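K.L.:
got a predicted structure plus its sequence, pasted below:
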Amino acid sequence: MSHTPRFRPVVSSTLLVMTLVAGVTACGSDGHPLAAKPYDATDEISANVPAGDEKADPDKPLEVNVEDGDGRITDVTATDTTGRHLAGELDADGRRWHSTSPLAAGTRYTVQVSMEDGDGAPGGRTLSFETASVRAKKVLKVTFGPQAGTYGVGQPITAQLSTPVKDKASRATVERALRVRSAPAVTGSWYWVDDKTLHYRPKEYWPAGATIDVTSGLAGIKVGDNLYGAPVKALKLTTGDRIEAITDAAAHTMTVKRNGKVINTIPVTTGKPGFATRNGVKVVLSKEYSVRMRGETVGISEDSSDGYDLMVHYATRVTWSGEYVHAAPWSTGSQGYANVSHGCTGMSTSLAEWFFNTVHTGDIVQVVGSQGETMTPFDNGFGDWNLSWAKWQQGSALQKNDAPDRTETIQAARLRPEV
């Protein structure tokens, strides 16, 4: 097939040179070359898609090839009816493109192929095909969390799977399909907590006033043997101000910041020896106006001198095991001077009310200077921020290095108040 000759760019690793031949390129009134209209390259471009009403096997990759001559493919865009783009790679010589992500079952794809012939003339072809539906024995459902709403800048995103996904290739398929986009944009990653649970967090805390959209492209995608993804309900979150409460257990004070500016310094008491408050970053889980706290729930006998049974007000929960920031009117004489609690952070009733009304779910509560252990990442609330970014990335199935097997499971919420 012959086409009108065109100039062709010559590309090297360091320089792009375009040679213009006088008399070949027409110019418009503004002096810029007019783009050549692509010719129909149907006869030169082929794809491994069935003809007629036959449907393609979604388990096989899509391939697009240049059949004859010395032409080459310059671009391929393949999208399905939901707008999902099919990822792919182009061979170095430009003669073949193939998909690198799975085709979805039971959908229609539109493929736009651009190429140029040996003389540099642009050509193109658009083709479409349908993939066959499958009757999967197992369907993978995903539930995103938390519920839609406004949260603090420390709130992780969670994805709970209906079926365990264990091997790395299948995990990578799932992870690629779970998309988190924010405005302003941030760098973030998923972490496989266990076979059915993923957490997503940015490298740093979310920006204040951000909008976060969580979506899935799993519908119809093969994850494993007889396991296909189901449609997933999207999630939209926003963040409020950046609220951080930093408790220095050694100094017996809590410093509360809003967007980096100190807005209050509060005298507190934290865990005494044997009941030291956990160090590290925690995330506000909930707020409860009143909570009954009993020593028996944390293994303290009712007859012990350390036993207690109290109704506590303005309680802000930071662990599932029962660590709170709360009003402690019985210890006001020690607040700012000594640590006398059983693990919670206590303050006066008026300041606890102020704190309760200031913080929201997802805000940051950090403890430093305690003799206690460091907050665990996943089994007692959201301790995600206690992992360095390098370690966090190792929990992704998309990392080149093999991440260690993780069998931690998020325990069910337990009411174990630690006054």
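P.N.:
That came in fine, so what should we check first? Residues are numbered from 1 along each chain as shown.
K.L.:
where does the prediction get shaky in the stretch 301-419 of the chain?
P.N.:
Residue ranges of the stretch 301-419 of the chain with pLDDT under 70: 301-309, 401-419.
K.L.:
in it, which spans are helices?
P.N.:
Along the stretch 301-419 of the chain, counting by DSSP state H, counting those that start in this stretch, helices occupy 349-358, 389-394.
K.L.:
lowest confidence element among the helices and strands of the protein?
P.N.:
Lowest by mean pLDDT, DSSP states H and E among the helices and strands of the chain is strand 16-17, with a mean of 34.
K.L.:
nearest spatial neighbour of Ala47, skipping sequence neighbours?
P.N.:
Val64 (4.8 Å; CB to CB, 6 or more residues apart in numbering). Bear in mind the C-beta positions are built from the backbone N, C-alpha and C, glycine included.
K.L.:
what number of residues lie near the one you found?
P.N.:
Neighbourhood size, Val64 [other CB atoms under 10 Å]: 24.
K.L.:
show me what contacts Trp354?
P.N.:
Asn264 (CB atoms under 8 Å, 6 or more residues apart in numbering).
K.L.:
any weak-confidence spans in the protein?
P.N.:
1-35, 293-309, 401-419.
K.L.:
and the strands in the stretch 251-400 of the chain?
P.N.:
Secondary structure of the stretch 251-400 of the chain by DSSP state E, counting those that start in this stretch: the strands cover 253-258, 261-267, 280-283, 286-294, 309-317, 324-327, 345-347, 364-368.
K.L.:
nope, the stretch 1-150 of the chain is what I was after
P.N.:
Under DSSP E, counting those that start in this stretch, the stretch 1-150 of the chain gives strands at 10-11, 16-17, 39-40, 45-47, 63-66, 72-80, 88-90, 96-99, 108-116, 122-130, 138-140, 142-145, 149-151.
K.L.:
give me the phi and psi for the most centrally placed residue in the chain.
P.N.:
Geometric centre of the chain, nearest residue: Tyr200, 3.6 Å, by CA atoms, centre = their mean. With angles defined as degrees, to the nearest 10, Tyr200 sits at phi -120, psi 130.
K.L.:
quick revisit: most packed of the helices of the stretch 301-419 of the chain?
P.N.:
Mean neighbour count (mean count of other CB atoms under 10 Å) peaks for helix 349-358 among these, with a mean of 17.
K.L.:
pick the most buried one from the strands of the stretch 251-400 of the chain.
P.N.:
Ranked by mean neighbour count, the strands of the stretch 251-400 of the chain are led by strand 345-347 with a mean of 28 (mean count of other CB under 10 Å).
K.L.:
any chance of TSV for the helices of the stretch 301-419 of the chain, columns distance to Thr131?
P.N.:
Listed next are those as TSV, based on distance: least, CB to CB, whole Å:
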stretch	distance to Thr131
helix 349-358	53
helix 389-394	33
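K.L.:
go through the ones you listed and name the closest to Thr126.
P.N.:
helix 389-394 (39.0 Å; CB to CB).
K.L.:
for the closest residue to Ala249 other than its chain neighbours, what are phi and psi?
P.N.:
Spatially, and ignoring its direct neighbours in sequence, Ala249 is nearest to Ser370 (3.8 Å; CB to CB, 6+ apart). Main-chain torsions, Ser370, degrees, to the nearest 10: phi -90, psi 160.
K.L.:
isn't Ser370 up against Gly271?
P.N.:
Yes - Ser370 is within contact range of Gly271, at 6.9 Å (criterion: CB atoms under 8 Å).
K.L.:
related to what we said a few turns ago, dump the residue contacts of the residue nearest to Ala249.
P.N.:
Ala249, Ala250, Thr270, Gly271, Ala276, Thr277, Arg278, Asn279.
K.L.:
looking at the helices of the stretch 301-419 of the chain, spot the one closest to Gly94.
P.N.:
It's helix 389-394; of the helices of the stretch 301-419 of the chain, that one is closest to Gly94 (CB to CB) at 33.5 Å.
K.L.:
so which elements touch that closest one?
P.N.:
strand 188-194 (3 or more CB pairs under 8 Å, 6 or more residues apart in numbering; DSSP states H and E).
K.L.:
any idea how far the strand it packs on is from the middle of the chain?
P.N.:
7 Å (CA atoms, centre = their mean, to the nearest Å).
K.L.:
kind regards, and thank you for your time.
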